[in-house]
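Undergrad: after the sequence you'll find the predicted model.
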Amino acid sequence: MAAFLGYSPSQWVLLCHRIPRLDFGLESRGNTFQPEVWEYQQTLLVLSSLSALCLLLSLLGVSSSLIGWCCRRRGNHEEVDDSDDDDECDDVTGGRRLCCVTWGTVGAVVICCAAIGIGFYGNSEANDGMYQMTYSLATANHTLSSIDILVSDTVSLLGLAVSDQLTRLEELLSRRDDLIIVARNARRQAEAVIDLLSNLPLQATPPLSAAQLTTQGNYTAENQTESAVTVDWAAQRVGSLEEYRWLSYVLLLLLDLLICLFILLALAKETRWLLLLMSSLSWLALFLSWGSLGLETATAVALSDFCVDPDTYILNTTQLDLGVRQDVLEYYLLCNKGMRSPFQQRLTQSQRALSNIHAQLTGLEAMAIPQFPQAEKSLSELQQVLNVTEGNFQQLVALLNCRALNKDYLDAIKGLCYDGMEGVLYLSLFSFLSALSFSSLLCTLPRAWDQFHSDSGDYDDSDDDSEDPFGSHQARRQMPTSRAGPSGVLPGFYSYRGGGASAPPLSSAPPLSHYMAQNALFSGSPRFESVPLIERQSPPPSYSPSMLTGFGDPQLNSAAGHSRTEFLS
């Protein structure tokens, strides 16, 4: 019965349906869809617990990685404190390690972004399937409501005609026994139509009898079929739950996307506080990913069990809950050409009764109006009621046909079992990939943290204008110490004492031949072009005689000129 006309289970449904089921005692169970049975619920909980096991393995892996990183970092700090001679080698090794960590983190972020794209697609597919199901249920509810309205209008009009027009007509024709017999015949036929329409098998509530309808004169909305109310409730319930589900997944996807983008920003800017915040949010995303994977696994398996044979479950459930006859449900769910409509007999009897009433009223018009002119108004009103009743009856026959409701049923099943099932599977893939990505990120982010430059600043600002701006930072830090005197204080180039000054000693600066030798040594080899000068010290600045005359001391000027001449020689 699963492969009825217009629907057949997809390969994904069949594949998920073949997944073995185990209960809490690890005993094999059947895969028949029975959500109200505790044993079936146990099988779904066992499948969901697999994601909890994966979460535990992820936590163990991340914890072991963090412990190894902490131990390795402590060992690296001890080695750095013991030896300071291999700085260049350490820089190269650290650069390679930083490159590997960075590209590993970027790869995990790229995989997470791909998973987010899959998640958006799966969320859209699931939403489309649930929207199609909700729309089909709403359309079916509209059809059932239209049937109820037509039945209620027809029954109300006939009940009013029996209690009003036919009663007055019998009083007017009381002097003619043959005419009274015809009027009473029409009355009985109208009451028979009321009984036939109010006792349609589609209705689950106890119908009103013809006598009750005659006394009340109305068929109110309280007498609508319970099936219509149930379908409307199901459509509203599914629609509201789908809105919350869609919004929840959108927020989860946006959270994962923001985490990935801010991780890339933290790596580019080397911002430690942002990296620390994103690491904390990555833990939250890891738990949410594995948790959503467990929920999606149980949903996919349960949905596959339902979609393999949906009509059997719907037949049993609807018959038990609503009390609708099984032949009526099979007529609408299967809608085979060879099936006979369960309403055929009642509709045929009602059509014959309406035809008889029409023929009897036509005869009364021909016989009673010449003798009883005052009966013309009642007969014309009865003809109008009969015309409206026949029009409603034709529409009712068309709506009771199985094609409309069966199409709505097939559309709902296809939306749930095709688009909905596909969307759930894509969401499961998203949760799995995002969980793996965040596990990898939690392993690599601490190592990226360790490779960041310290916020204290490795570059010291110096007020000494004579330092070479292209030298290494270590040479900058060591030069002030080499130039300092015995007391560790750097002497100025000129010391102003009152109005006089003394020139600094020139013995501390190496001769010019030393710099020319270094230039000749390294200029010819390309491997030393980008290497800073070794053991170099900047030569003293030179001043023109016009600049030196501004100080006003002849001794100072002569000493400065002598030093400049000696340096150039």
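TA: Thanks, I have it.
Undergrad: for Asn127, see how far away the nearest residue to Ser146 once chain neighbours are set aside is.
TA: Counting by C-beta to C-beta, 6 or more residues apart in numbering, Leu399 is the residue found nearest to Ser146 once chain neighbours are left out, at 5.7 Å. Where C-beta positions appear, they are placed from N, C-alpha and C, glycine not excepted. Relative to Asn127, Leu399 is positioned 30 Å away (C-beta to C-beta, to the nearest Å).
Undergrad: who's more crowded, the two?
TA: Asn127 (19 against 16; other C-beta atoms under 10 Å).
Undergrad: now the closest residue to Leu253 other than its chain neighbours: which helix or strand?
TA: Spatial nearest neighbour of Leu253, excluding adjacent residues (C-beta to C-beta, 6+ apart): Gly119 at 5.0 Å. Using DSSP states H and E, Gly119 falls within helix 87-160.
Undergrad: ok, then the element right after that helix?
TA: Sequence-wise, the next helix or strand downstream of helix 87-160 (DSSP H and E) is helix 166-172.
Undergrad: list the contacts of that next one.
TA: 180, 183-184, 186-187, 190, 364, 368, 372, 374-375, 378-379, 382 (C-beta atoms under 8 Å, 6 or more residues apart in numbering).
Undergrad: among those residues, which ones are in helices?
TA: When DSSP state H defines the helices, the subset of the contacts of helix 166-172 inside them is Ile180, Ala183, Arg184, Ala186, Arg187, Ala190, Leu364, Ala368, Ser378, Leu379, Leu382.
Undergrad: Gln34 versus the residue nearest to Asp23 when sequence neighbours are not counted, what's the distance?
TA: What sits nearest to Asp23 in space, not counting adjacent residues and going by C-beta to C-beta, 6+ apart, is Gln42, at 4.0 Å. Distance of Gln42 to Gln34, given as C-beta to C-beta: 11 Å.
Undergrad: swap in Thr143?
TA: 29 Å.
Undergrad: likewise for Leu150?
TA: 37 Å.
Undergrad: the two: which is more packed in?
TA: Neighbours per residue (other C-beta under 10 Å) separate Leu150 from Gln34, with Leu150 holding more: 21 against 16.
Undergrad: pLDDT score for the nearest residue to the more buried one once chain neighbours are set aside?
TA: Spatial nearest neighbour of Leu150, excluding adjacent residues (C-beta to C-beta, 6+ apart): Leu396 at 4.6 Å. Listed pLDDT for Leu396 reads 90.
Undergrad: phi first, then psi, for Leu396.
TA: Here the main-chain torsion angles of Leu396 (degrees, to the nearest 10) amount to phi -60, psi -40.
Undergrad: now do the strands in the chain.
TA: Remark: strands assigned in the chain by DSSP state E are 21-22, 28-29, 495-497, 500-502.
Undergrad: sorry, back to before: any idea how far the residue nearest to Leu253 is from Val250?
TA: To Val250, Gly119 is 9 Å away according to C-beta to C-beta.
Undergrad: looking at the two, which is more packed in?
TA: Between Gly119 and Val250, counting by other C-beta under 10 Å, Gly119 is the more crowded of the two (26 against 14).
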